[in-house]
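*Asks:* Could you work out the structure for the sequence below:
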Amino acid sequence: LKYYIMSITENPQNAYAHSNRGNIYYKLKQYDQAFQDYHNALKLNPNLEKAHNNIGLLYKEKNNFDKAIESFSKALEINPQFTEGYNNRGIAFEAKKEFDEALQDFNRAIQVDTTYALAYFNKAHVYSTTKEYQKALVEINKAIKLEPNQAKNYNLRGIIYHDLHDFAQAIKNYSHAITLDENSVQAYKNRARLYTMFNQYTLALNDLNKLRDINEHDVEVYVNRALLYIEQKMYSEAFNDINKAIELNPNIATAYSYRGRIYQEKGDIEKATSNFDKAIQIDPENPQAYFSRGLFYVNYQKYEEALKSFDKALELNPELVVVYCTRASLLYSVMQKFDEALKNINQAIQLDPQFPIAYKIRASIYEAKKEYDKAIENYNKAIELNPNDSMLYFDRGSCYAQQRNINQAIKDYKQVTVSILDEFSEYIPRSYYLISCLYALNKETDKVLKYLQKAIEIAPQEYKLLSIQTPYFKYLNDNAQYLKLIL
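*Replies:* Got it, this is the predicted structure:
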């Protein structure tokens, strides 16, 4: 900086010195000084394409994308082979949601330089935003081939896999990004979010603690860690983190929504309501705030108020799949409004046809309507998308059992019993018990006793009592082995 100050002092007509000093001010985030230097440089030499480009970057920093595009276009008029200019103008078009124009510019950059990895990265980002995930994968793979050591490439590929619901590949890519850059903040946040989703709380906590070490003033870290603690019912820890987040930034709507949830769990309805209302007051355009308040109303059986909150969330963002799913669940399971529930879940599936939970909910609705063929069809789709969810096999088994398709029901219940996920452990003895009941329908005594014994070994009190009460086993009242099991 001192060198360029001296150079400009000695020769104020040196356009390049003004432009280069502007670059230093830009890196120092002293944007007003940078703008003045670029402006002075262009007064002296209006054909400096990089100065026009850098003024465009300054406008982009201020979210003035029209002015940014104007500056990038001037740079490209001077030098039509300027790859950086095309790339930057493409980013500005993307920010304006003018995706076709953005893609055209990224393609022009690639035409000039087929090894320009950043343009492939940005194409992938556009396709990810427009939900063209397979196209996004093609482009990010090209970027990775050109720059295999760039952490951000793997983070974006992780996001794309996440949106495709290939969560194992998403975690793999986030982890590789972190291997390449141990301070890859976004990769840690994305991986922690996935770990939390799958109840891998220790792993999620490790990532969030690392993020706190990287930046102890990152509000998002405290908010996300509070959510993790809420999921584990560790409300004191959650309360401490959410208060820290509010201390760092008292205008984060999500923080008040989460604090409302904590008060809700503590049974303090007045403070819960106050915090949900505060979240909406801070950001009345935040659909998540209305969604959280809707969940609060559901918990206190204020179903009409809940639906109004969900409706407001969808008014603000009509593409919130989780809100349609929640609304559908409320309508069918509590309010018995099956047709309206189906409309909501169909909308969710239309928005995201790769979301297994939506098919599970639709299957449950058809099951409640005793339309078992349609229920099974939807469980099949959910299992296709998420074959590791043992509850899907359990629920599909129940449909088969209702149809007296005993062999298929038994096959599904057996699938549950080989589950290795602790969250399904209570369903393992239940599945053994139901298998024994199904075998009892055909009086296959050896198999009845085999699976009943397995259930009783895991939960003796519950399944001894059920065995005595069920009519399926009455034909075994004189069987010594059966009596030994239940007495």
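
*Asks:* chain center to the host helix or strand of residue 273: distance?
*Replies:* For residue 273, the host element (DSSP states H and E) is helix 269-282. Put simply, helix 269-282 sits 25 Å off its chain's centre (Cα atoms, centre = their mean, to the nearest Å).

*Asks:* The next helix or strand after it versus helix 269-282: what angle between them?
*Replies:* Counting by DSSP H and E, the next helix or strand C-terminal to helix 269-282 is helix 287-299. Going by axes from the mean of the first three to the mean of the last three Cα atoms, to 10 degrees, helix 287-299 is angled at 160 degrees with respect to helix 269-282.

*Asks:* what's the helix holding residue 273 packed up against?
*Replies:* Counting contacts by 3 or more Cβ pairs under 8 Å, 6 or more residues apart in numbering; DSSP states H and E, helix 269-282 packs against helix 253-266, helix 287-299. Glycine gets a C-beta too; all of them are placed from N, C-alpha and C.

*Asks:* Using a markdown table, please lay out the ones you listed together with mean neighbour count.
*Replies:* Compiled in a markdown table, the helices and strands packed on helix 269-282 are given as follows (neighbours: other Cβ atoms under 10 Å):
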| stretch | mean neighbour count |
| --- | --- |
| helix 253-266 | 22 |
| helix 287-299 | 22 |
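
*Asks:* Distance to residue 88 for these - can I get that in a markdown table?
*Replies:* Shown next, in a markdown table, are these (distance: least, Cβ to Cβ, whole Å):
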| stretch | distance to residue 88 |
| --- | --- |
| helix 253-266 | 32 |
| helix 287-299 | 31 |
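
*Asks:* Show me the shaky parts of the stretch 1-150 of the chain.
*Replies:* Scanning the stretch 1-150 of the chain for pLDDT under 70 picks out 1-5, 8.

*Asks:* For it, which segments count as helices?
*Replies:* Taking DSSP state H, counting those that start in this stretch, the helices of the stretch 1-150 of the chain run over residues 2-10, 15-27, 31-44, 49-61, 65-78, 83-95, 99-112, 117-129, 133-146.

*Asks:* Make a markdown table out of those helices and add distance to residue 329 and mean neighbour count.
*Replies:* Compiled in a markdown table, these are given as follows (distance: least, Cβ to Cβ, whole Å; neighbours: other Cβ atoms under 10 Å):
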| stretch | distance to residue 329 | mean neighbour count |
| --- | --- | --- |
| helix 2-10 | 63 | 12 |
| helix 15-27 | 51 | 19 |
| helix 31-44 | 49 | 18 |
| helix 49-61 | 42 | 22 |
| helix 65-78 | 40 | 20 |
| helix 83-95 | 35 | 24 |
| helix 99-112 | 34 | 19 |
| helix 117-129 | 28 | 23 |
| helix 133-146 | 26 | 19 |
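
*Asks:* Which residue ranges of the stretch 351-487 of the chain form helices?
*Replies:* 356-368, 372-385, 390-402, 406-417, 427-441, 445-458, 460-469, 480-486.

*Asks:* buried sites along the last one?
*Replies:* What it means is helix 480-486. The neighbour-count check on helix 480-486 (16 or more other Cβ atoms under 10 Å) flags 482, 485, 486 as buried.

*Asks:* Verify the contact between the second one and residue 451 for me.
*Replies:* Meaning residue 485. No. If you go by Cβ atoms under 8 Å, residue 485 and residue 451 don't touch, sitting 11.0 Å apart.

*Asks:* and residue 181, how many neighbours?
*Replies:* 15 (other Cβ atoms under 10 Å).

*Asks:* what's the closest non-adjacent residue to it?
*Replies:* Counting by Cβ to Cβ, 6 or more residues apart in numbering, residue 181 lies nearest to residue 151, which is 3.8 Å off, once chain neighbours are set aside.

*Asks:* Residue 264 is in contact with residue 235, correct?
*Replies:* No. With contacts counted by Cβ under 8 Å, residue 235 stays clear of residue 264, the gap being 10.1 Å.

*Asks:* Please identify which of the helices of the stretch 1-150 of the chain is closest to residue 159.
*Replies:* Of all the helices of the stretch 1-150 of the chain, helix 117-129 sits nearest to residue 159, with 6.4 Å by Cβ to Cβ.

*Asks:* helices and strands around that closest one, which ones?
*Replies:* helix 83-95, helix 99-112, helix 133-146, helix 151-163.

*Asks:* Among these, which comes closest to residue 45?
*Replies:* helix 83-95 (16.9 Å).

*Asks:* Is it correct that residue 103 is in contact with residue 87?
*Replies:* No. Counting by Cβ under 8 Å, residue 103 stays clear of residue 87, with 11.8 Å between them.

*Asks:* which residues sit in contact with residue 351?
*Replies:* Residues near residue 351 by Cβ atoms under 8 Å, 6 or more residues apart in numbering: 319, 321, 324.
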